[in-house]
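A.B. asks: my questions are about this predicted structure, shown below with the sequence.
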Amino acid sequence: MEEEKKAPTKTIIAVLVILIAAFFIYKVTRQKEEPKIVLKAKTEQPKTTITHSASTNGIYDVVEKMPEYPGGDQALMEFLSKHIKYPTVAQESRIQGKVILGFVVSKSGKVEDVQILRSLDPNLDKEALRVVKLLGYWKPGEQGGKKVSVRYTLPVVFRLQ
């Protein structure tokens, strides 16, 4: 009877010894794989320079302070949704999507040279152009503390409900 009790105990002890040995082997090999942390002398990172290119006509693509619609983006979206009238022909044809417009916000803040960069439908394009021309004056962009003319891209989304 005592031999029956000793056999399971010996088995349990043997399994525990194997598990402990496996654990230590794992820890030792894992420590060798971990990368060592090397402290380096502090070096100054190169400063990122953004070039603000202006075309020959003095219109910038990117400036330090981009043009802003009075009241911000939220006010711009409210203006667009209030003034856009979905053309009946486009509604009946179930046409939806995005018209992408490009324009210049001049030094004075006036919206000029409105163009369609990506067309959707002639009727929707015409409506998007009409509404963007109503935008009025923006806060102009600035470069080096001076007001400059800046290109601006605006997506106008037409969605049926």
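C.D. replies: That came in fine, so what should we check first?
A.B. asks: if I look at Ser106, how far off is His83?
C.D. replies: As judged by Cβ to Cβ, to the nearest Å, Ser106 and His83 stand 21 Å apart. Any C-beta I mention is one placed from the backbone N, CA and C, and that applies to glycine too.
A.B. asks: please identify which of those two sits among more neighbours.
C.D. replies: Ser106 (20 against 13; other Cβ atoms under 10 Å).
A.B. asks: so what's the more buried one up against?
C.D. replies: Taking Cβ atoms under 8 Å, 6 or more residues apart in numbering as the contact definition, Ser106 lies against Glu112, Pro140, Ser149.
A.B. asks: just name the closest of those residues to Glu127, please.
C.D. replies: Glu112 (19.5 Å; Cβ to Cβ).
A.B. asks: touching, that closest one and Val132? I think so.
C.D. replies: No - at 11.0 Å, Glu112 and Val132 do not qualify as touching, with contact defined as Cβ atoms under 8 Å.
A.B. asks: quick one, which of the two is more surrounded?
C.D. replies: Between Glu112 and Val132, counted using other Cβ under 10 Å, the more crowded position is Val132 (23 against 12).
A.B. asks: which of the three states applies to the more buried one?
C.D. replies: Secondary structure assignment for Val132 (DSSP: H, G, I helix; E, B strand; the rest coil): helix.
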